[in-house]
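Student: Below are the sequence and a predicted model; questions follow.
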Amino acid sequence: MELDDRLVAAARELLVARWPGSGGLAAAAYTRDGGILTSVVFDPEWGGVGLCAETGALLEAHRDRREITAIACVSRLGPDTSIVVASPCGICQERLYHWGYDVQIAVPDERDPRQWQARTLRELQPYHWVKAVLASGDVDSDKSDATSSRT
C-alpha cells in the first residue's frame, strides 16, 4: 500500500480521538496486506522513558510478521492549534529500515506543514550507515541487505 490521504486521515482521527482537548502525537502505518496499524506517543508523567508515536504500530507489525510499506505521523500542540505532519525522528527511521529503503514516509509540505509529501527512507537518509557497510564488501549483502524487506 502506498502513502495516501486515507493513511494521514487515520493518524489525524486517532490524534483528535485520543486527545480531544489537548495536544499529542499519533501515527498510522500501512502494511503490505492493506491493513492500517495506529499508535500514539507514550509520554509518561514520571520518568524519561517515553516512546515515539510510531513505535506501537511498528512493534505490532513486527509481532504479527507484517511488512510496513508507508507511515504518517501527525502532531498538534493544543486543541486550538493546527494538526501538522511530523516526519519520523532518526530513531524511528532506524526502526523503519527493518522493512527496507522503500518505506514511504509522510513529510510536511514546505509551504504548509498541515499538508504532506511522500518520501522514501532512501530519500530521507541518502547516507545511511548500512550502505557503507554493504559497499565495503566485508558483509554478504544477500544476508544483510536493508533494501530487501525483512519481517
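Tutor: Arrived safely, thanks for sending.
Student: got a list of what R66 touches?
Tutor: Contacts for R66 (Cβ atoms under 8 Å, 6 or more residues apart in numbering) come out as T31, R32, D33, G35, L37, E60, T151. In short, each C-beta sits where N, CA and C put it, glycine included.
Student: Strands along the protein, start to end?
Tutor: Ranges of strands in the chain, per DSSP state E, are 24-31, 36-40, 68-76, 84-85, 104-108, 116-120.
Student: List the neighbouring strands of the shortest one plus their orientation.
Tutor: Here strand 84-85 has these sheet partners by DSSP bridges: strand 68-76 (antiparallel).
Student: And for the fifth one?
Tutor: Based on DSSP bridges, the strands next to strand 104-108 in the sheet, each with its direction, are strand 68-76 (parallel), strand 116-120 (antiparallel).
Student: winner for burial among those?
Tutor: Among the strands paired with strand 104-108, strand 68-76 has the highest mean neighbour count (mean count of other Cβ atoms under 10 Å), at a mean of 26.
Student: Now render the contacts of R66 as CSV, adding distance to L7, pLDDT and neighbour count.
Tutor: Output for the contacts of R66, formatted as CSV (distance: Cβ to Cβ, whole Å; pLDDT from 0 to 100; neighbours: other Cβ atoms under 10 Å):
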residue, distance to L7, pLDDT, neighbour count
T31, 11, 98, 20
R32, 13, 97, 15
D33, 14, 96, 10
G35, 11, 97, 13
L37, 10, 98, 21
E60, 15, 98, 17
T151, 20, 50, 13
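Student: and those as TSV, adding distance to V130?
Tutor: Listed next are these as TSV, based on distance: Cβ to Cβ, whole Å:
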residue	distance to V130
T31	23
R32	21
D33	26
G35	27
L37	24
E60	24
T151	17
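Student: which among the residues you listed gets closest to D80?
Tutor: L37 (29.1 Å; Cβ to Cβ).
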